[in-house]
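Peer 1: Structure here, sequence nowhere to be found:
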């Protein structure tokens with residue numbers, strides 16, 4: 001971990017990489033260790049390396065839940081919404097209204113992202129069923145990402161997972177914009193973050209190494225977690 005000093009003199013965490021962030025985040029989730037009802041879900045791609053370390057520390061099973069951000073055309077890092085496994089869609093009306101984005105544009109972007117969502121599901125899970133229905137009912141689900149900027153992607157995941165009736169949904173991320181962490185508490189049962197800076201800017205700003213996570217790394221981590229049998 002490194003420390004970032006702001007202009008106002010306040011210090012915030014800066015992580016070496018996603019695995020380092022996951023190990024630190026796990027420390028704040030220690031109350032869930034060795035609980036057989038706990039399932040850790042990583043949001044691909046970047047959330048999976050973080051979730052891997054969380055699952056390993058908690059001795060909990062690891063799985064993946066695919067969510068795709070709906071990026072504004074020409075500014076893809078700005079989320080106007082997100083879609084999740086199971087057909088769930090969450091839109092950000094503030095962004096859509098402010099930029100006067102038409103319904104046709106939203107549908108066009110959603111259609112493209114749906115194709116990628118389906119491709120990722122096949123790549124990561126093969127023919128394995130999605131973590132849904134009876135598998136999640138009554139369980140404590142910890143949903144992990146590498147950082148939360150607007151929160152649209154995480155919100156879509158929480159709304160979709162809520163349909164499977166888990167007993168508790170815990171949102172966990174190493175870093176989140178303060179306003180985003182606050183708003184997600186309306187959707188999740190608990191939000192756990194190591195840092196919630198006011199001057200957030202971008203998730204990448206909080207990592208020394210924020211290189212892209214590949215599909216191959218996601219598959220490798222999921223296979224490793226399965227073979228290691230984190231759950232006990």
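Peer 2: Yes, it's here. As the structure is a computational prediction, the values presented were derived from the model and not from experiment.
Peer 1: pull the longest helix from the chain.
Peer 2: Across the chain, the longest stretch assigned as helix under DSSP state H is helix 103-125.
Peer 1: Nearest residue to the residue nearest the centre of the chain in space, please, no chain neighbours.
Peer 2: Compute the mean C-alpha point of the chain, and by Cα atoms, centre = their mean the closest residue is residue 145, 2.8 Å away. Spatial nearest neighbour of residue 145, excluding adjacent residues (Cβ to Cβ, 6 or more residues apart in numbering): residue 47 at 3.9 Å. Every residue, glycine included, has its C-beta placed from N, CA and C.
Peer 1: Neighbours of the one you found, how many?
Peer 2: For residue 47, the count of nearby residues is 29 (other Cβ atoms under 10 Å).
Peer 1: again with residue 36
Peer 2: Neighbour tally, residue 36, other Cβ under 10 Å: 12.
Peer 1: Could you give me the buried positions within the helix or strand that the longest helix of the chain is followed by?
Peer 2: Note on helix 103-125: by DSSP states H and E, the next helix or strand toward the C-terminus is strand 140-144. For strand 140-144, burial by neighbour count (16 or more other Cβ atoms under 10 Å) applies to 140, 141, 142, 143, 144.
Peer 1: List the contacts of the first one.
Peer 2: Taking Cβ atoms under 8 Å, 6 or more residues apart in numbering as the definition of contact, the neighbours of residue 140 are 32, 35, 37, 38, 39, 166, 167, 168, 170.
Peer 1: circling back to that earlier point, just the buried positions in the longest helix of the chain, please.
Peer 2: Going by neighbour count (16+ other Cβ under 10 Å), the buried part of helix 103-125 is 105, 106, 109, 110, 113, 117, 120, 121, 124, 125.
Peer 1: For stretch 136-155, the averaged confidence score.
Peer 2: The average pLDDT for stretch 136-155 rounds to 93.
Peer 1: chain center to it: distance?
Peer 2: Distance of stretch 136-155 from the chain centroid (Cα atoms, centre = their mean, to the nearest Å) equals 5 Å.
Peer 1: Give me the buried positions along it.
Peer 2: Buried residues in stretch 136-155, counted by 16+ other Cβ under 10 Å: 136, 139-155.
Peer 1: Give the burial count for residue 98, as a bare number.
Peer 2: Residue 98, neighbours per other Cβ under 10 Å, totals 10.
Peer 1: My error: substitute residue 24 in the last question.
Peer 2: Residues near residue 24, counting by other Cβ under 10 Å: 20.
Peer 1: isn't it right next to residue 15, touching?
Peer 2: Yes: the criterion here is Cβ atoms under 8 Å, and residue 24 meets it with residue 15 at 7.1 Å.
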